[in-house]
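> output the structure for:
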Amino acid sequence: MTRRYGAVPCFGGGGVPLAGSAFVRFQAVMSFQGADAVPLHEVPEAVLTRLSQLRPPLCGLALDRPRIMGILNVTPDSFSDGGDLATVQAAVARAQAMAADILDIGGESTRPGAQAVGVADEIARVAPVIRALRDAGITTPISIDTRKAAVAEAALDAGADIVNDVSAFRYDPELADLVAERGVPVCLMHSKGDPATMQDAPRYDDVVAEVLDHLAERMAFAAARGIARDRMIVDPGIGFAKTQAHNLALLAHLPWLHDLGVAVLLGASRKKFIGTIGGAEMAKDRMSGSVAVALHGAAMGVQILRVHDVAETAQALALWQAINAPVCAG
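This next block holds a predicted model:
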């Protein structure tokens, strides 16, 4: 098993920026394999560079602060907002109201138990919306949430900028070739199995180590297909083939994801564990808990927060940044 390292964030000044963050610093490094924290002057230069280096801009967005990816599902069966955006006009109106840094558009639900959607149906859901967004003058970077090369191609042709693949090219390896050919950023997420069966008693010997190793392997696969490392993003896949305990372990160890040396996306918004812990049975009642998890992600140096509640998350982040900016600047 590959040795992984995580930063130890500090909250009183000092240290160096975590992944180039203007709001999070770290002052020691710890090996995931259980070694004691090591002060920065004893950390190997390669490890320190991976953990501290600012990640490249994403579609012109500097990643020195958390960016909000607003979820725009044009599906009838998504777990939280399925059917809310039944028309192209409704989707455009929602996007205009969101004021997110990135818009993530999906035409196939990947919630637990969801069934696959045919390529033609998925394209018919997402491509007209993306085209309408561009026709409406919306210049916000658009991410297409799909596992399929044909859908991603139609979305990119319609005006999308990023590919977000929950299968990390396991479902359709040809998607990697398309991403390489177009030179667009891609998010590689950890998952096991498929949405229909992924929550059937998922098991890990060590969920954090296995997720890290899986993501490193998918990054190597992507690189072998011609995708530049500086165009890769990783996502631990909260809620995908994971129990509540698995989710909490990954959230507690988010700094270890920075050892992969690329931008990190966290998508935990409104997921079941938030409702279970916070006492909110309905997904739409989990906004407060979702914001709490997003702020934890920000404090762990996560660069992209994928959320349903954009305005509420943005307000919370504005306060969090105002509090932490003077400390990090000093």
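> can you give me the helices for the stretch 1-150 of the chain?
With helices called from DSSP state H, counting those that start in this stretch, the stretch 1-150 of the chain shows them at 45-52, 88-98, 119-135, 149-158.
> ok, which of those helices comes nearest residue 315?
Of all those, helix 88-98 sits nearest to residue 315, with 13.3 Å by CB to CB. (C-beta placed from N, C-alpha, C; glycine too.)
> helices or strands next to that closest one in the packing?
Judged by 3 or more CB pairs under 8 Å, 6 or more residues apart in numbering; DSSP states H and E, helix 88-98 is in contact with strand 67-73, helix 119-135.
> contacts for the first one?
Okay, so that is strand 67-73. Here strand 67-73 makes contact (CB atoms under 8 Å, 6 or more residues apart in numbering) with 58, 61, 80-82, 84-85, 91, 94-95, 98, 100-106, 109, 129, 143, 265, 267, 269, 303-308, 310, 313-314, 317.
> out of those residues, list just those in strands.
Of those, the ones assigned to strands by DSSP state E are 102, 103, 104, 105, 106, 143, 265, 304, 305, 306, 307.
> could I get the buried residue list for stretch 247-261?
Buried residues in stretch 247-261, defined by neighbour count with 16 or more other CB atoms under 10 Å: 247, 249-251, 253-261.
> can you give me how far the longest helix seen in the chain is from the chain middle?
As assigned by DSSP state H, the longest helix anywhere in the chain is helix 310-329. Between the centre of helix 310-329 and the centre of its chain there are 19 Å (CA atoms, centre = their mean, to the nearest Å).
> which elements pack onto it?
strand 67-73, helix 287-299, strand 304-307.
> just put these in a markdown table and tack on distance to residue 134, mean pLDDT and mean neighbour count.
A markdown table is the format used below for those (distance: least, CB to CB, whole Å; pLDDT from 0 to 100; neighbours: other CB atoms under 10 Å):
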| stretch | distance to residue 134 | mean pLDDT | mean neighbour count |
| --- | --- | --- | --- |
| strand 67-73 | 14 | 95 | 25 |
| helix 287-299 | 28 | 98 | 20 |
| strand 304-307 | 21 | 98 | 28 |
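> of all those, which lies closest to residue 42?
Short answer: helix 287-299, nearest of the helices and strands packed on helix 310-329 by CB to CB, at 24.5 Å.
> and the angle from that closest one to strand 67-73?
Interaxial angle, helix 287-299 versus strand 67-73 (axes from the mean of the first three to the mean of the last three CA atoms, to 10 degrees): 140 degrees.
> off-centre distance for helix 287-299?
13 Å.
> tell me what angle it forms with helix 310-329.
Using the same axes, to 10 degrees, helix 287-299 lies at 30 degrees relative to helix 310-329.
> what stretches of the stretch 151-300 of the chain score poorly on pLDDT?
196, 198 (pLDDT under 70).
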